[in-house]
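Chemist: kindly return the folded structure for what I paste below:
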Amino acid sequence: MRLQGFYFITDSKISDKNILETVGKALEGGASVVQYREKEKPIRELLTEAAEVRRICAGKASFLVNDRIDIALAVDADGVHLGQDDMPIHLARKLLGEKKIIGITVHNVSEALEAETRGADYLGVSPIYATGTKADAGEPAGVKLIREVRENTGLPIAAIGGITKENIDPVVEAGADMVCAISATICAEDIADAVEYFAKKTGSKTKK
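Modeler: The predicted structure follows:
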């Protein structure tokens with residue numbers, strides 16, 4: 001599937017809503033990528049839940065697992081998203097194979113260029129704005145970083161960090177192919193409607 005549109009990330013730390021229902025609503029709203037990011041659950045729960053999310057994403061959105069290559073392999077996810085301190089891209093590629101998607105978070109142009117050289121499929125450019133969903137996100141870089149990464153690499157860009165309905169336009173205008181807005185969607189009263197708003201801004205196929 002094309003790496004463009006709204007990029008939905010699960011996060012049970014900021015919402016006690018049922019993850020499967022939440023993902024279902026995100027898909028209804030037009031999410032084109034779903035990342036399963038649950039860092040504190042027992043492995044058996046991760047396996048069971050990830051397999052179910054994989055099932056409901058099939059044919060609708062690319063399904064990625066955050067960090068855990070073992071979980072991604074076990075449930076046959078479409079790929080993984082890695083951080084700078086996770087397994088190196090070349091080793092992840094060796095385990096996952098050439099057909100799987102590998103994305104990585106980058107905070108500057110140097111990291112972006114390194115990721116492109118190492119074979120990443122897309123870049124998670126972060127943090128754009130101040131965010132409360134990731135304590136170690138660092139200082140916000142603003143949309144300037146999106147422009148700089150866009151000018152220096154040819155990889156799809158997923159922008160993340162403090163993105164809301166009020167500030168998404170400059171993000172898209174700066175060159176983001178995908179946008180993540182965790183709090184603005186997971187915590188919304190109507191998740192499908194919230195996702196649809198962002199999906200329309202970023203070129204996802206939205207709900208009928």
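Chemist: where does this protein dip in pLDDT?
Modeler: Residues of the chain that meet the criterion pLDDT under 70 lie in 1-2, 132-137, 204-208.
Chemist: can you give me the strands for it?
Modeler: In the chain, the segments counted as strands under DSSP state E are 5-9, 33-36, 62-66, 79-82, 101-106, 122-125, 157-159, 178-179.
Chemist: what about residue 91, neighbour count?
Modeler: Per other CB atoms under 10 Å, the neighbour tally for residue 91 reads 12. Just so you know, the C-beta spots here come from the backbone N, C-alpha and C atoms, and that holds for glycine as well.
Chemist: helices or strands up against the lengthiest helix in the chain?
Modeler: Assignment by DSSP state H gives helix 43-57 as the longest helix of the chain. If you count contacts as 3 or more CB pairs under 8 Å, 6 or more residues apart in numbering; DSSP states H and E, helix 43-57 packs onto helix 19-29, strand 33-36, strand 62-66, helix 69-75.
Chemist: what lines up beside the third one in the sheet?
Modeler: The partner list of strand 62-66 in its sheet, established with DSSP bridges, is strand 33-36 (parallel), strand 79-82 (parallel).
Chemist: the first one: how far from the chain's middle?
Modeler: To tie it back to what came earlier, the one meant is strand 33-36. For strand 33-36, the gap between its own C-alpha mean and the chain's C-alpha mean amounts to 6 Å (CA atoms, centre = their mean, to the nearest Å).
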